[in-house]
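# take this sequence and fold it.
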Amino acid sequence: MKYFAMLSMVLLVSTVYAQTPFRDMAGLTQNGIEWCEENYQLYYFMGNDFFEHHKHSIESRLCGNLYNDEIWLYDGPDRYQKLIEQSRVYYNLEIQESMDESKQGIIDPKSVNIKEIPQVIEQQKIEAQQKEQEKFNEETESEIVEVENIQVNINQNDEGGGCLIATATYGSEMAPQVQLLREIRDNQLMNTESGASFMSGFNQLYYSFSPYIADLERENPAFKEMVKIGITPMLSSLSIMSLADSEFEIVSLGIGVILLNIGMYGIAPAMLIYQIKNKRKDRINRD
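This next block holds a predicted model:
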C-alpha cells in the first residue's frame, strides 16, 4: 500500500511537471533537466513502461537517454549545461530514428539505444579524446618550452652567468663581492678573446658543481661561513684583474692571479703541513 501511494505521488508530480515548458527546438532546457531529475525515480520503478506512461513523448525519451549516459552522474558546476548539450545530441538521434522507423514500418517507443548508434557515440568519444590529446600536447609543449628556457639560461651562464657560490655566500646578487666578480667578467674578461675563451671553459667546469655547493650553503649556515672564509683571499686576488685593459694585460695578470691562488690554496697549506710534520718528528727524536 505504501509503495502504491509513493508511486502515485511520483506520477502526480511528474504529470504536473509535464505541463511546464521544458524543451526548446532541439533539446531540453534547464527546466527539462530538472523534470528529468524529478522523474528519475519513476523511471527506476517503471523501467521501459516509463515511456508508455508519457505516451512515448520525445521529452521522456531524451530523459531516458540521459539516464543511461555517463554524464548523468557528472556533478560539476556546469552539469546542467553539459546535460542540455547532450540532450540536443540525443534529440537529433531520436528524430533520425523516428524517420528511419517510419520508412520501415517499425515501432520502437523506447529511447535510442547506445548500441544501435555506435558510430555516432564512437565519433563523440574520438572527438573528446582528440580534445584531451590537444590539451595534453599543449601542456607538453609548454613544459618543453620551459625546459628549453632553462637550457638557454644555462647556456647564457656558460657565456658568463652569475656566480652561484658567491651569491649564496654573501646572500644577494647585489652584494659588493658578487658585483666585483660580475664587473671583472663583463668589463675585462668578456671584452677580450682570450678572456672569453677562458670563461667558456671555466664555466663548463664551474656550473657542473657550483649549484650543489650553493644549495649546501643555504641549508647549512656553518658550511656557508667556512666557504666565506675560504673564498675571501681569492676574491682579493681577483680584484687585481680590474686593472687589466688590454689582451696582454688580461693574459699576464690572469696567469699571475692563477699562480697566486695556487700558492695560497695549494702550496702554502702543503708547506704548512710539511713544517708541522717536521716539527713533530724533531720532537719525537728529542724525546
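
# what's the neighbour count on residue 39?
25 (other Cβ atoms under 10 Å). From N, CA and C alone the C-beta is placed, and that goes for glycine too.

# what residues of the strand or helix carrying it count as buried?
Element membership for residue 39 (DSSP states H and E) is helix 30-46. Residues of helix 30-46 classed as buried by neighbour count (16 or more other Cβ atoms under 10 Å): 32, 33, 35, 36, 38, 39, 40, 42, 43, 46.

# other SSEs contacting it?
Here helix 30-46 touches helix 2-18, helix 49-53, helix 58-67, helix 79-104, going by 3 or more Cβ pairs under 8 Å, 6 or more residues apart in numbering; DSSP states H and E.

# which among the ones you listed is found nearest to residue 272?
helix 79-104 (78.2 Å; Cβ to Cβ).

# the closest one versus helix 30-46: what angle between them?
Angle of helix 79-104 versus helix 30-46, following axes from the mean of the first three to the mean of the last three Cα atoms, to 10 degrees, is 70 degrees.

# starting at the chain centroid, how far to helix 79-104?
Centroid displacement of helix 79-104 relative to its chain, using Cα atoms, centre = their mean, to the nearest Å, is 39 Å.

# what of stretch 91-109?
Offset of stretch 91-109 from its chain centre (Cα atoms, centre = their mean): 48 Å.

# tell me the mean pLDDT over it?
Stretch 91-109 carries an average pLDDT of 77.

# list the buried residues of that stretch.
Judged by neighbour count (16+ other Cβ under 10 Å), stretch 91-109 contains these buried residues: 91, 93, 94, 97.

# all helices of the chain, in order?
Assigned by DSSP state H, the helices in the chain fall at 2-18, 30-46, 49-53, 58-67, 79-104, 118-158, 164-170, 176-183, 193-219, 221-238, 247-262, 268-286.

# include distance to residue 73 when you put these into CSV, please.
Formatted as CSV, the helices of the chain follow (distance: least, Cβ to Cβ, whole Å):
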stretch, distance to residue 73
helix 2-18, 21
helix 30-46, 11
helix 49-53, 19
helix 58-67, 10
helix 79-104, 10
helix 118-158, 16
helix 164-170, 53
helix 176-183, 59
helix 193-219, 48
helix 221-238, 55
helix 247-262, 71
helix 268-286, 74
